[in-house]
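Peer 1: Just the structure for this:
(one chain, ligands or ions: 1)
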Amino acid sequence: MLSPDPADWLIAGAATAGWLALVARMALRRPAAGAAPGPDTPEGLLIGYASQTGFAEDLARQDADALAGIGPRVLPLDRIGAADLLAARRAVFIVSTTGDGDAPENAAAFLARVMPGRPALSHLSYALLALGDRDYPRFCGFGRAVDAWLADCGAQPLFPRVELDRTRPEALDHWRRRLAETLDAAPAGDGLTDWQLAGRRHLNPGSPGGGLYHLRLVPQGVLPHWQAGDIAAVEIALPDGTRLMRDYSLASLPASGGVELIVRRTADAAGRPGRGSDWLTRQIAPGAPVRLRLRANAGFRSRSDHAPMILIGNGAGLSGLLAHLRHRAALRETGPVWLIFGERTRRHDAIFDDELRGLQAAGVLDRLDRAFSRDGGAGPRYVQDLIPARAETLRAWIGQGADIHICGQRPMAQGVRAALEQVLGPAAWADLLRAGRCRTDVY
Ligand SMILES: Cc1cc2nc3c(=O)[nH]c(=O)nc-3n(C[C@H](O)[C@H](O)[C@H](O)COP(=O)(O)O)c2cc1C
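Peer 2: Numbering: from 1, shown residues only. Next up is the predicted model:
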């Protein structure tokens, strides 16, 4: 994830100053015996969310925490009626899209009962964050529809709609900054906590592919909680003072006492190293301080501990898949797991081989298929080639209720999704997507 340039940090600082000024002003304005302002007072703020798998709701609550001084009321869209919008002066909408450009379930009544009307909302200023995934043809379809409806009713956008692609979270920083600027408050606290790089291991020396590194970080304070599927946003503190944020899928679980990441050292076409990955894999030494925050990633968490699970990924994507495997390993009773993984060569890139074989021996991992693209031979070269090669077994697992988790690079994920659609057929594939059974963590 790319974070704001240094100028943006200055804006954030200015916003913090603005926030303090606002709190002081509100303390002066508030009646002596008065309650905190509600959404029907000029200061009040209504925060409405439409969320299918929980991400929009998480974000709404984080924004509400950051804006606590304004007295926000947080509600799913279904609990917001035209009367609430007529009474509010300012509103924030955080709206995801599900199905094929559809409204999440907790916005169905809003769509059916409120949106067909045209309440006069010219008094209402609003900000709207649309959540979506560019892999879907109707990107942010419902968020765009709500935005268009608000504009149609005469409501005034505080700033243009922000669209957040699930796989490109940098827009979130932009959203929080704009919200802070326009509502005169601080951005949601950066939430960064102090950790230390406890160890780093080069996983694939000699590989014809980019270096993969296994990093372990331990907290300097209390170990936070997280779940398999979640993400660490790591602050890259470059020697010239630049601060960047980078997202990494978490490979470990809290029970291990620390955060584990798999980081690929990247380089651009001219061979210049990626700033985030070079810092993490080369510039800092074990013992170095690192600041990070953990982020729930509802769309990649497991829906069930019991359903069969097909994990598909390549390279550093094994990280997010390992977390699910390790979670399953810690359970007494659980469903079967199948891992399909791809990299360059078996000799150098069969990373975490000992652990995977151990999980097989322990009966946690029922099937392990790997594709190595540079090994030659007639077998499947890429993970997406393994999909048609195992079509029958795949159909059987899906028929038994398996959820699919895909973690890794976007071209791999696109290839895998296309292959799955081919193998399952468009109707079954659409059903699977609609039911949220294909879960992705892609970059
Ligand atoms: C079954 C399913 C269908 C989806 N359909 C769309 C879509 O049509 N357009 C889009 O932009 N995003 C789509 N998404 C992506 C979600 O909008 C995105 O993951 C969002 O962050 C989810 O937020 P939520 O957890 O609050 O529901 C879909 C996700 C799932 C799981």
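Peer 1: ok but residue 60 is inside a helix, no?
Peer 2: Yes: counting by DSSP: H, G, I helix; E, B strand; the rest coil, residue 60 falls inside a helix.
Peer 1: That one against residue 46, yeah?
Peer 2: No: assessed by C-beta atoms under 8 Å, residue 60 is found out of contact with residue 46, at 10.7 Å. C-betas here are computed from N, CA, C, even on glycine.
Peer 1: Now the common contact residues for these two.
Peer 2: Both residue 60 and residue 46 are contacted by residue 92, under the criterion C-beta atoms under 8 Å, 6 or more residues apart in numbering.
Peer 1: gap between the nearest residue to residue 303 once chain neighbours are set aside and residue 159?
Peer 2: Spatial nearest neighbour of residue 303, excluding adjacent residues (C-beta to C-beta, 6 or more residues apart in numbering): residue 403 at 5.8 Å. Per C-beta to C-beta, to the nearest Å, residue 403 is found 37 Å from residue 159.
Peer 1: So between those two, which is more surrounded?
Peer 2: Using other C-beta atoms under 10 Å, the more surrounded residue of residue 403 and residue 159 is residue 403, with 22 against 16.
Peer 1: how distant is stretch 347-360 from the center of its chain?
Peer 2: Mean-position distance between stretch 347-360 and its chain equals 27 Å (C-alpha atoms, centre = their mean, to the nearest Å).
Peer 1: how about it: buried residues?
Peer 2: Of all the residues in stretch 347-360, those buried under the rule 16 or more other C-beta atoms under 10 Å are 348, 349, 350, 351, 352, 356, 359.
Peer 1: Name all residues that make contact with the last one.
Peer 2: The neighbours of residue 359, taking C-beta under 8 Å, 6+ apart as the test, are 325, 329, 365.
Peer 1: contacting residues for the most centrally placed residue in the chain?
Peer 2: Most central in the chain under C-alpha atoms, centre = their mean is residue 297, positioned 4.3 Å from the mean C-alpha point. If you count contacts by C-beta under 8 Å, 6+ apart, residue 297 has them with 55, 229, 230, 231, 249, 441.
Peer 1: so the fifth one bridges to which residues?
Peer 2: Pointing back at residue 249 there. For residue 249, the beta-bridge partners under DSSP bridges are residue 231.
Peer 1: Test my guess that it contacts residue 441.
Peer 2: Yes: under the criterion of C-beta under 8 Å, residue 249 makes contact with residue 441 at 5.4 Å.
Peer 1: who touches both of these two?
Peer 2: Shared contacts of residue 249 and residue 441, counting by C-beta under 8 Å, 6+ apart, come down to 231, 297, 300, 317, 320, 407.
Peer 1: closest point of this protein to the ligand, which residue?
Peer 2: Closest residue of the chain to the ligand, C-beta to the nearest ligand atom: residue 132 (2.3 Å).
Peer 1: Excluding covalently adjacent residues, which one is nearest to residue 330?
Peer 2: The shortest distance from residue 330 to any non-neighbouring residue, by C-beta to C-beta, 6+ apart, is to residue 255 (6.6 Å).
Peer 1: what's the answer for residue 208, then?
Peer 2: Of all residues not flanking residue 208 in the chain, residue 344 sits nearest, at 5.2 Å (C-beta to C-beta, 6+ apart).
Peer 1: I'm done for today, thanks for sticking with me.
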